[in-house]
Each structure stands twice: as C-alpha cells, then as structure tokens.
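1. quick one, what's the 3D model for this:
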Amino acid sequence: MASKYSYLDLVDQVDTFPNAATHPVAFAEKTAPYSRFVYLSHTIGYIIPIVLDALKDTTLSGDWWEIKPGVVSLKGDTVEERTRNIDETTRRWREANRFEVLSGWRNEKYTVYAPKSTPCFHMERCATPLFGVLTYGSHMTVYIPATATTPMRIWVPRRAAGKATYPSMLDNTVAGGMGDGIDPFECIVKEAGEEASFSESYVRQHAKAVGFVSYFYVRHEEAGGEVGLLQPEVEYCYDMIVGEDGPIPKPFDGEVAEHILMTVEEVEANLRARKFKPNCAAVMLDFFVRHGILREDNDKDFLEIYSRLHRRHEFPTR
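-> Got it, this is the predicted structure:
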C-alpha cells in the first residue's frame, strides 16, 4: 500500500534548497562547496563541483569563462557573445557525453536575466540545471466547477510512459516551459493545443491568470540526468473552467498518455500517494488554496506550505 504523505512533505519534495532568508545556517552549509555564477554584481546561479571541474577542463575555456575561488562569470560584452560562449561550452560537453542531462537537448533556448528584466544571455533548456539558473514555465488546471448536484472535478493527465522525465506520473492539465521570446499566456495557449487539443480561441477566452508558484528544486533521479543539479523555477498559474459537455482534453503530441477526470478526493489521494510530478503537485496545492480546499483550519502546516509555494528567489527575474 502506498505511503500517505502530508502536503508539507510534497512541498519538501520540490522546494529542497535551503532558503537564505529563513535558514541561513543551512544555506551557508549547502552552498559552501559551490561557486556563485555571477554577472556584474548579480548572482544568477550556483555551480556545483562536478560542473566547475568540467568548466576548468573545457578546451579554450579561458576565452569564455573567468573562474576565481568561489566565483564563476561568463565572458562577453554583449548578450550575443555571452550566448555564444555558453552555447559553445555546453555543445562541447554534449559531444563528449560529459553530462547525461544534456542527452535531452531540444534546441530550445531559455533566457537568463540580469539585471532584472534585462536578458543577460540565452541558453539550451536542458543545460540550465548545470548552472543553477532561474527558469520559467506556465501551468494550467482545467476543471468542472461544483454544482448543487455534482462535486468539482479536475482534468488530470498521465504522462506518457516513454517520457525521459517522470514517466507515467500525473501532471497538471496543461504545462510547459517558457522558451525564449514567449510570455506566460502565449505559452499556455501553445501548450493547450499541443498537449490537450484545446482550441486556441477557447483558451484565449476562458483561461484566467491566477498567480504563480516558485520553489528551488534539487533534481532527483526521476528528473533524468545527474542527481543533485540545481533547478530554481517560477511557474505562472492559470485556471480554466469547462462545462459538463466539454471541451474535453485529448492527447495530441504524444507527451500525454491519457486525461482522467478526477474528483477533489481522488486528486487528494493521488497527491498523498506522491503520484504527481513534484512541481505539478505544488501547482495543485496552490489551486487547492485558491479554491478553499486547503485552509489554515484543516492543515496545521498551512502557513509554511503557502509561503514556500511562493518563494522569493535571490536571482534577478524576468
């Protein structure tokens, strides 16, 4: 029989890096062996020892990187130069099979910002955990509201068994990473068509922005690639109501095996059995808070759960 996890356990699963503001001693101990990844006066990530060793070994790395005790910076006077330098670095690692995580190469660029709202460089999506930089995504929960005679129900997809990361786990109805040049809402519109076959017009009319969740994840084995890589993230959240007669989400691009219409009780049971992908569990808990399902009077850890689902990152943001 599956273990029954608390909701705080689910937060612990995804927000696993000590927070400097609330746990300064644990943060100092965790980061002691790491190098700060910096641009000007900004910390934009953390680099763990195996990645630092790879940077030192990379041919011509002196042309692309400045490495000092405890601090690493990317050379280049322009966004284009910095982008080229980090791209050349990670491509050489990929060709040499230096890191397993790079086997997921997608030719999809993410933007790293520094200062705030200012692009510093663009880099391959799957390489971002090697540098501990902040990334972004959009997630949407699609549900049928409760009526006088029927309870609320939520459309929950099961990830395809062939997925490289978190195969066969439960997910949010629609979710995707925000590649370079796309904003949160356009990301949701795109992913809703690709993952769930929702029409663009319906999503544009009915999807509602409801905030975000943020956390600092230390990657587990299920994430694919090396264990212990650093992945701070912000996920923009959306809700979308559908009626009893649809529209019904349907798999389209092979990323999803099926969509299951669950009651809140069924979702809760699957959450507590840790059947959800970790960051999707966080998004679902945020949905529960906003809809009055998870409250201060029914979970003693409510304040910690809520505050850690909205972590303030120490990095410049978009």
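
2. and residue 299, how far from residue 246?
-> Residue 299 sits 33 Å away from residue 246, going by CB to CB, to the nearest Å. Where you see a C-beta, it was placed from the backbone N, CA and C, and this is true even at glycine.

3. neighbour count: the two, which is higher?
-> residue 299 (18 against 10; other CB atoms under 10 Å).

4. per-residue confidence for the more buried one?
-> The per-residue pLDDT reported for residue 299 equals 97.

5. ok, for it, nearest residue in space, not its chain neighbours?
-> residue 7 (6.0 Å; CB to CB, 6 or more residues apart in numbering).

6. what about residue 283, which SS state?
-> Under DSSP: H, G, I helix; E, B strand; the rest coil, residue 283 falls in the helix class.

7. tell me, how many residues neighbour it?
-> 27.

8. contacting residues around it?
-> Taking CB atoms under 8 Å, 6 or more residues apart in numbering, we find residue 283 in contact with 139, 141, 172, 175, 213, 235, 237.

9. so the fourth one sits in a strand?
-> Meaning residue 175. Yes - counting by three-state DSSP, residue 175 is part of a strand.

10. these two touch, right, it and residue 191?
-> Yes - using CB atoms under 8 Å, residue 175 is in contact with residue 191, at 6.5 Å.

11. picking up where we left off before, pLDDT at the residue nearest to residue 299, what is it?
-> So, for residue 7, pLDDT stands at 98.

12. so it touches residue 285, yeah?
-> Yes - in this structure, residue 7 is within contact of residue 285 by CB under 8 Å, at 5.8 Å.

13. need the overlap of contacts for the two.
-> Joint contacts of residue 7 and residue 285 (CB under 8 Å, 6+ apart) are 271, 294, 305.

14. for residue 317, which non-adjacent residue is spatially closest?
-> Using CB to CB, 6+ apart, the nearest residue to residue 317 is residue 116, at 5.8 Å.

15. just to check, that neighbour is in contact with residue 313?
-> No - contact between residue 116 and residue 313 fails when scored by CB under 8 Å: they sit 11.2 Å apart.

16. so which of the two has more stuff around it?
-> Taking neighbours as other CB under 10 Å, residue 116 and residue 313 compare with residue 313 leading, 14 against 10.

17. any idea of the pLDDT on the more buried one?
-> Per the predicted model, pLDDT is 95 at residue 313.

18. got the contact list for it?
-> 134, 214, 216, 232, 234.

19. how does it look with 6 Å?
-> 134, 232 (CB atoms under 6 Å, 6 or more residues apart in numbering).

20. how much space separates it from residue 45?
-> Residue 313 is 11 Å from residue 45, by CB to CB.

21. and if you look at residue 116?
-> 15 Å.

22. now swap in residue 12 and tell me
-> From residue 12 to residue 45 the distance is 22 Å (CB to CB).

23. what about those two, which has more around it?
-> Neighbour comparison, residue 12 and residue 45: the larger count goes to residue 45, with 24 against 15 (by other CB under 10 Å).

24. now residue 206: closest residue in space that isn't a chain neighbour?
-> According to CB to CB, 6+ apart, the nearest residue to residue 206 is residue 240 (5.1 Å).

25. can you count the residues close to residue 222?
-> Quick note: residue 222 (other CB under 10 Å) scores 12 neighbours.

26. what's the longest helix seen in the chain packed up against?
-> In the chain, with assignment by DSSP state H, the single longest helix is helix 79-95. Secondary-structure packing of helix 79-95 (3 or more CB pairs under 6 Å, 6 or more residues apart in numbering; DSSP states H and E): strand 71-74, strand 119-124.

27. tell me the helix or strand right after it.
-> Downstream of helix 79-95, the first helix or strand assigned by DSSP states H and E is strand 109-113.

28. look at residue 139 and give its secondary structure.
-> From three-state DSSP, the assignment for residue 139 is strand.

29. that one bridge partners, please.
-> In this entry, residue 139 is beta-bridged to residue 175, residue 237, by DSSP bridges.

30. for it, list the residues it contacts.
-> Contacts of residue 139 by CB under 6 Å, 6+ apart are 172, 175, 235, 237, 283.

31. check it and give its pLDDT.
-> Per the predicted model, pLDDT is 98 at residue 139.

32. lowest average confidence, helix or strand, in the chain?
-> helix 61-64 (a mean of 78; mean pLDDT, DSSP states H and E).
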